[in-house]
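Undergrad: got a structure for you, letters missing:
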């Protein structure tokens, strides 16, 4: 049975609802995970999603900052809205969703960006980011005969050399510093997660999901980073049918600086 998940840091769901509608109309994922919704729960545009057939909605939002939401065309069950680092910002929600013969535990994450200075002694935002990733070690990939796990979201770290436009020039730039990338990969492996976007992809192939608003011509300069990720438990790898980075969405009207990533599975 075909099953698809899209993940997208939308940078304000209410502001960018027209391009969310375009994604859902043109690509019709079974589930859409949004990050940085910047929207309190009672102001989330649920009616617009339901009108498009996404009647099942799980949200964890706050005014002006952060926020995650998972919407689906099939029933979902909220499992947890976990708080990290003893803070009340809304950066995680997990749901269960039926897909084929499995019940999938789907985590939707928005990891802190970390500010500009990659020194936890002088930048509390960077320390928060490192602490957040450390706590993610407790998020493990659940797997069984009738279950599996998927973790998606804006994880705000480009872990590999070819996940950025210039490894050498970004080694001291937040999102690609060695302390981030090493801790990030250690956390992924500790949780038994598989990086599906790098599965069967040549190591030297560049992969980007984010292009800065600061670039005068983002497409011509192409100075991107892979900050958005799709992971799964190992038992879902045989069912993984591939993914698409919807690069064209960076050029849509009033775009986010991130683009959607669509992952597809074939589950019996």
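TA: Received the coordinates, thanks. It should be emphasised that the depicted structure is a prediction, and the values quoted were computed from it without experimental measurement.
Undergrad: list the contacts for the most centrally placed residue in the chain?
TA: With distances taken as C-alpha atoms, centre = their mean, residue 153 lies nearest the centre of the chain, 1.2 Å away. By C-beta atoms under 8 Å, 6 or more residues apart in numbering, residue 153 lies in contact with 7, 9, 33, 35, 68, 107-111, 228-229. Placement of C-beta: from N, CA and C, glycine included.
Undergrad: That one - nearest residue in space that isn't next to it in sequence?
TA: Nearest-residue entry for residue 153: residue 109, 3.6 Å, with adjacent residues in sequence omitted and distances by C-beta to C-beta, 6 or more residues apart in numbering.
Undergrad: just to revisit the earlier point, of the contacts of residue 153, closest to residue 263?
TA: Residue 263 lies nearest to residue 7 out of the contacts of residue 153, by C-beta to C-beta, at 7.8 Å.
Undergrad: In which helix or strand does that closest one reside?
TA: strand 2-9 (DSSP states H and E).
Undergrad: elements contacting the helix or strand just after that strand?
TA: The helix or strand immediately downstream of strand 2-9 is helix 17-27, counting by DSSP H and E. Applying 3 or more C-beta pairs under 8 Å, 6 or more residues apart in numbering; DSSP states H and E, we find helix 17-27 packed against strand 2-9, strand 31-35, helix 46-51.
Undergrad: Partner strands of the next helix or strand after the last one, with direction?
TA: Same thing as helix 46-51. Using DSSP H and E, the helix or strand that directly follows helix 46-51 along the chain is strand 56-60. Using DSSP bridges, the strands paired with strand 56-60 are strand 68-72 (antiparallel).
Undergrad: quick revisit: wasn't the residue nearest to residue 153 part of a helix?
TA: No. Checked against DSSP: H, G, I helix; E, B strand; the rest coil, residue 109 lies outside a helix; its state is strand.
Undergrad: so what's it up against?
TA: 35, 68, 91-92, 136, 151-155.
Undergrad: Local confidence estimate at it?
TA: We note a pLDDT of 98 for residue 109 in this prediction.
Undergrad: Of all pairs in the contacts of residue 153, which one spans the longest distance?
TA: Counting by C-beta to C-beta, the most remote pair of the contacts of residue 153 is 9 and 107, 15.1 Å apart.
Undergrad: Deepest in the core, which of the helices and strands packed on helix 17-27 is it.
TA: strand 31-35 (a mean of 29; mean count of other C-beta atoms under 10 Å).
Undergrad: roughly how far out does it sit from the chain middle?
TA: Centroid separation between strand 31-35 and its chain, computed with C-alpha atoms, centre = their mean, to the nearest Å, is 8 Å.
Undergrad: again, but for stretch 54-61
TA: Per C-alpha atoms, centre = their mean, the centroid offset for stretch 54-61 relative to its chain is 16 Å.
Undergrad: try stretch 142-151
TA: Distance, centroid of stretch 142-151 to centroid of chain: 18 Å (C-alpha atoms, centre = their mean).
Undergrad: same thing with stretch 171-185?
TA: Distance, centroid of stretch 171-185 to centroid of chain: 17 Å (C-alpha atoms, centre = their mean).
Undergrad: what sits up against that stretch?
TA: 113-118, 126, 129-130, 133-134, 155-160, 163-164, 167, 170, 225, 227.
Undergrad: List only those of the residues you listed flagged as buried.
TA: Neighbour counting with 16 or more other C-beta atoms under 10 Å marks 113-115, 118, 126, 129-130, 133, 155-160, 163-164, 170, 225, 227 as buried within the contacts of stretch 171-185.
Undergrad: Restricted to helices, list the residues you listed.
TA: Counted as lying in helices by DSSP state H, out of these, are 126, 129-130, 133.
Undergrad: In the stretch 51-200 of the chain, what residue spans correspond to strands?
TA: Secondary structure of the stretch 51-200 of the chain by DSSP state E, counting those that start in this stretch: the strands cover 56-60, 68-72, 77-80, 92-99, 102-110, 147-154, 194-195.
Undergrad: now for these, which one comes closest to residue 216?
TA: strand 147-154 (23.7 Å).
Undergrad: how long is stretch 74-92 end to end?
TA: Taking C-alpha to C-alpha, to the nearest Å, the first and last residues of stretch 74-92 lie 20 Å apart.
Undergrad: Lovely, talk soon.
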